[in-house]
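**Student:** everything below, folded, please.
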Amino acid sequence: MKIEADKDLVSLILISLFLLTSGCTSPRRVDYELKIGFTGWVKVKFNVADCQSTRRIFGGEVIEINDSGIGCSEMKKPTTTIGSTYYVDAKGERVEELRSSGWGEGGMLWAKTASESDSSIEFFVGTEAQLEESWGQRNKPRGQ
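**Tutor:** Model (predicted):
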């Protein structure tokens, strides 16, 4: 019985090593941190040399968004991500996780889009009403 369990473990380790070395990628964790009360459009640029607003975490990174809604990363723009967006206090402590939702459900994250041309992503932080108001200040995404 123990020998079979050991074989299963060895098989699992070998398969994992094969997947890691064969170019198979899994989603990268990217968390975003904004100062409490920030509302507006956020733009994160990837592949930025000497970017100072990123810190590495196990399996990914945390990108700090400045007061103007801009963040960056030295890493290549991920094709798939997992992660969260947080409000942080003056000490940098996470105080609230922001969430996306459907219309009328009280979410604070909207309209996430990616741009291949400048290797960036954009999203809106705020209420539905604030999002609607913001459309007048910029072009609506296609399909809206």
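**Student:** sheet partners, orientation included, of the helix or strand that contains Y87?
**Tutor:** Using DSSP states H and E, Y87 sits in strand 85-88. Applying DSSP bridges to the sheet, strand 85-88 is found paired with strand 28-35 (parallel), strand 94-98 (antiparallel).
**Student:** name the SS class of S134, please.
**Tutor:** Following DSSP: H, G, I helix; E, B strand; the rest coil, S134 is assigned to helix.
**Student:** same check, this time on N47
**Tutor:** Secondary structure, three-state DSSP: N47 is coil.
**Student:** burial count for it?
**Tutor:** Residues lying near N47 (other CB atoms under 10 Å) number 14. (Each C-beta comes from the backbone N, C-alpha and C, glycine too.)
**Student:** got it, and M108?
**Tutor:** M108 has 20 neighbouring residues, counting by other CB under 10 Å.
**Student:** so which residues of this structure form helices?
**Tutor:** 2-21, 128-134 (DSSP state H).
**Student:** confidence-wise, which of these is weakest overall?
**Tutor:** Comparing mean pLDDT across the helices of the chain, the weakest is helix 2-21, with a mean of 52.
**Student:** show the pLDDT at the spatially most central residue of the chain.
**Tutor:** In the chain, the centroid-proximal residue (CA atoms, centre = their mean) is V30; its distance is 4.0 Å. According to the prediction, V30 has pLDDT 87.
**Student:** quick check: bridge partners of it?
**Tutor:** In this entry, V30 is beta-bridged to E61, by DSSP bridges.
**Student:** likewise C72?
**Tutor:** Under the criterion used (DSSP bridges), C72 bridges to K45.
**Student:** which residues are in contact with it?
**Tutor:** V44, K45, F46, V48, C51, S53, T54, I63 (CB atoms under 8 Å, 6 or more residues apart in numbering).
**Student:** what residues does the second one make contact with?
**Tutor:** Just to be clear, that refers to K45. K45 sits next to I70, G71, C72, S73, D118, S119, S120 when contact means CB under 8 Å, 6+ apart.
**Student:** same thing but 7 Å
**Tutor:** Contact analysis of K45 by CB atoms under 7 Å, 6 or more residues apart in numbering lists C72, D118, S119, S120.
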